[in-house]
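Student: okay, sequence plus prediction incoming.
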Amino acid sequence: MFSKVLKPLFERWQSWLLILPLVSFIFVIPATRAAEQVRTGVSLSPAKVPAGETAIYQLQVINGKPSQLPEFPAIDGLEIKYAGQQTSSNTRISQGRMVRVVSLIYQWKIVPEKEGVYLIPPLEFKVGGNTLKTQAARLSVSKGIDYSQYAFIQLSLPKREFYEGEPFAFSVDLFEQNARVEKAPDLISDGFVVQRISDNLRQSKKVIGGASYNVWSLDYTARPVRHGELQLGPVDWPAGLVFRQQSRSRGVFDSFFNDMNAKRRNIVLKAAGETLKILPLPSEGRPASFNGAIGVYSMDIEASPKELIAGDPLTIIISISGNGALDSVPMPPIDHWQGFKTYPNSVTTQQSDQTGLVGTRRFEQVVIPQSSDLKAIPPIEFSYFDTNSKKYRSVKYPAIPIQVKANPNAPTMPSQTFLRNGEEGFPKPKPKDVVPIKPFLGEVVALDNPWMMQSSAYGLQLIPLIFLGIALGISQFRERSGKDVRGKRKRHVDSFIRKQVPLLDALAQKNDSDGFFELMFRLIQERLGQCMNLPAVSITESVLDDQRGQLDCSEEDIETLHRLFQACNQARYAPIRSTDQLVQYAGECRQILTKIN
């Protein structure tokens, strides 16, 4: 009796035990996923900085993406610049299942101009139709540190007064006692054409006020393009100051441990620049042959051969040597010469120093004398503005004697000959043009088979048709290729990747971390943009999840792409200095670009 009662109850509970996992899958798992709400947070590092130093403001958005970039408010006393975004992702276990968390981090660089306490208000942005708001942040700014006792910048100029268009060489010098220089300075030069002579730093030493400084110099050339009071500068030069801790004891290993405990502070050294007085070229005394040459020059002329026949070429070599903008020195004018046929000249410039302002400019001009009446090459005049004496000067080379002989093979006008008859001397009449009619045809000869009736003539007539068919085929192929936009883009991307992948390997071998990750990020953008039919510049790591269905690849390939994106983002803040690791990333990038082709 007891078993008859319990048996139906046990069977009923057994069926519920089988249904329970299905119920938990339907209701519990969605509830867990719904619990993954969008979260946000801000950080300011460091929260206390001296005036002129940089603080990083980060906005982190978890499990969501703002519809547009949050607008940072303008704050008096703070210089704020957007520094880009980065994406990070991680996987965690929540209620028995794996959950992936994606974080978007937006960054701004904040440079305070003066000391004080600044309140950064909350930022508002929308994610999926909902408005989110961050917390306020506080930035404490102390008095700026004077780094001039450790490092400073100077502009070394030959003088402070120049003429418009006058070239000059100068250098930007960084004086330091314990710094690391890795980047070139940023020079603002409104009103000047400035060119860096070399990317290599010159190193020297100099003692100022009893203190010894290491001097790092970069050489430039400049040319003012307008007159007036012009500012050359300011100059910003990033550098890393190294501060070593001073130890009380002195021992054999003190220098070694001091280097290990040294602290580095990355700063931007600034110099106000120099105000230069630029004078206009005077109009008084300007010769007619002046073509804009500025500097100090001399001229030499050679001509060969000096004995020739009319119609033969004559080569004139004009050499202008001196100090100035040699590349812009024009050839002295010869368009007023008469009796000579001229051809375009060839120009070469030989520089005597690294500035390019000292050397020789050589013009090779070919002329052809047209008549034996020519006795000399006309005088050649070259004018320039002398910046030393501040006057116009002209160099006039005298006429060069030449001997031009008449050409015996020159064509002459034919004379008309008359046939005289007897004493009258009248022209003899021409014979009649009409030939008398033959009364008999003569012997009849059979002609060969005409060329148009031969088989080779038909073959030759097919040649234009064959070329016409080829041209039509090429035209149709180009028309179809033009309509196939995605196919055309794929061929373009394949060609780009084939050319750039060897460069990626070369950057890995050279251990150029910045160039390597910049090129790898560009290659991945081009390939994914082609596969997803999206602009390459819009490809980021978050697009992999949003447009997952458009990629024909496995989950393992998706994870590889996430890992490469994260490596590119991390390299901006923590560069990788290992050649082996760069080579490994290069191999993974080459493999994934081939698989998702």
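Tutor: Good, I have the coordinates.

Student: contact partners for the closest residue to Tyr163 other than its chain neighbours?
Tutor: In this structure, Tyr163 finds its nearest non-sequential neighbour in Leu279, 5.1 Å apart by C-beta to C-beta, 6 or more residues apart in numbering. Every C-beta, even on glycine, is put in place using the N, C-alpha and C of the backbone. The contact partners of Leu279, by C-beta atoms under 8 Å, 6 or more residues apart in numbering, come to 161-164, 227.

Student: and of those, the nearest to Met520?
Tutor: Sorting those by how near they are to Met520, with C-beta to C-beta, puts Phe162 at the top with 46.2 Å.

Student: which ones are touching that closest one?
Tutor: Residues counted as contacts of Phe162 (C-beta under 8 Å, 6+ apart) are 168, 224, 276-279, 387.

Student: what about it, which SS state?
Tutor: strand (DSSP: H, G, I helix; E, B strand; the rest coil).

Student: coming back round to it: so which of the contacts of Leu279 is the most crowded?
Tutor: Phe162 (23 neighbours; other C-beta atoms under 10 Å).

Student: which strand residues bridge it?
Tutor: Judged by DSSP bridges, the bridge partners of Phe162 are Ile278.

Student: per-residue pLDDT, it?
Tutor: As predicted, Phe162 sits at a pLDDT of 95.

Student: got the domain boundaries for this structure?
Tutor: Taking automatic domain parsing as the domain assignment, the record places the domains of the chain at 39-142, 147-279, 292-405, 485-595.

Student: of all those domains, which lies closest to Met453?
Tutor: Taking C-beta to C-beta as the criterion, domain 485-595 is the member of the domains of the chain that comes nearest to Met453, at 49.9 Å.

Student: on that earlier part again, please pick the buried ones from the contacts of Phe162.
Tutor: In the contacts of Phe162, burial by neighbour count holds for 168, 224, 276, 278, 387, counting by 16 or more other C-beta atoms under 10 Å.

Student: okay, helices next: where are they in the stretch 351-500 of the chain?
Tutor: Taking DSSP state H, counting those that start in this stretch, the helices of the stretch 351-500 of the chain run over residues 455-483, 485-510.

Student: what segments of the stretch 201-350 of the chain are helices?
Tutor: Under DSSP H, counting those that start in this stretch, the stretch 201-350 of the chain gives helices at 254-260.

Student: so what are the sheet partners of the helix or strand containing Arg138 and their directions?
Tutor: Here Arg138, judged by DSSP states H and E, is contained in strand 137-142. Next to strand 137-142 in the sheet, as set by DSSP bridges, lie strand 48-50 (parallel), strand 116-120 (antiparallel).

Student: right, and these - which one's nearest Asp236?
Tutor: Closest to Asp236 of the strands paired with strand 137-142, according to C-beta to C-beta: strand 48-50, at 17.4 Å.

Student: quick one: name whatever helix or strand follows the closest one.
Tutor: strand 55-62.

Student: follow-up on the earlier one: how about JSON lines for the domains of the chain, with distance to Ile474 added?
Tutor: Converted to JSON lines, the domains of the chain look like this (distance: least, C-beta to C-beta, whole Å):
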{"stretch": "domain 39-142", "distance to Ile474": "46"}
{"stretch": "domain 147-279", "distance to Ile474": "46"}
{"stretch": "domain 292-405", "distance to Ile474": "37"}
{"stretch": "domain 485-595", "distance to Ile474": "16"}
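
Student: between the contacts of Leu279, which is closest to Gln570?
Tutor: Checking the contacts of Leu279 against Gln570 by C-beta to C-beta gives Phe162 as the nearest, at 48.2 Å.

Student: how much space between the closest one and Phe290?
Tutor: 18 Å (C-beta to C-beta, to the nearest Å).

Student: quick check: buried residues in stretch 172-189?
Tutor: Of the residues in stretch 172-189, those scored as buried under the neighbour-count criterion (16+ other C-beta under 10 Å) are 172-176, 179, 181, 185, 187, 189.

Student: kindly report the same for stretch 356-374.
Tutor: Under 16+ other C-beta under 10 Å, the buried positions of stretch 356-374 are 356-363, 365, 367, 369, 374.

Student: do stretch 569-586 as well
Tutor: Applying a neighbour-count criterion of 16+ other C-beta under 10 Å, the buried positions in stretch 569-586 are 569, 571, 576, 582, 585-586.

Student: shaky segments in this structure?
Tutor: In the prediction, the chain carries residues with pLDDT under 70 at positions 1-36, 94-96, 244-262, 410-448, 481-482, 576-577.

Student: count the neighbours of Met452 for me.
Tutor: Other residues near Met452 come to 8 when the count uses other C-beta under 10 Å.

Student: sorry, wrong one. I was asking about Ala211.
Tutor: When counting by other C-beta under 10 Å, one arrives at 10 neighbours for Ala211.

Student: isn't it up against Gln177?
Tutor: Yes - in this structure Ala211 lies within contact range of Gln177 using C-beta atoms under 8 Å: 7.1 Å.
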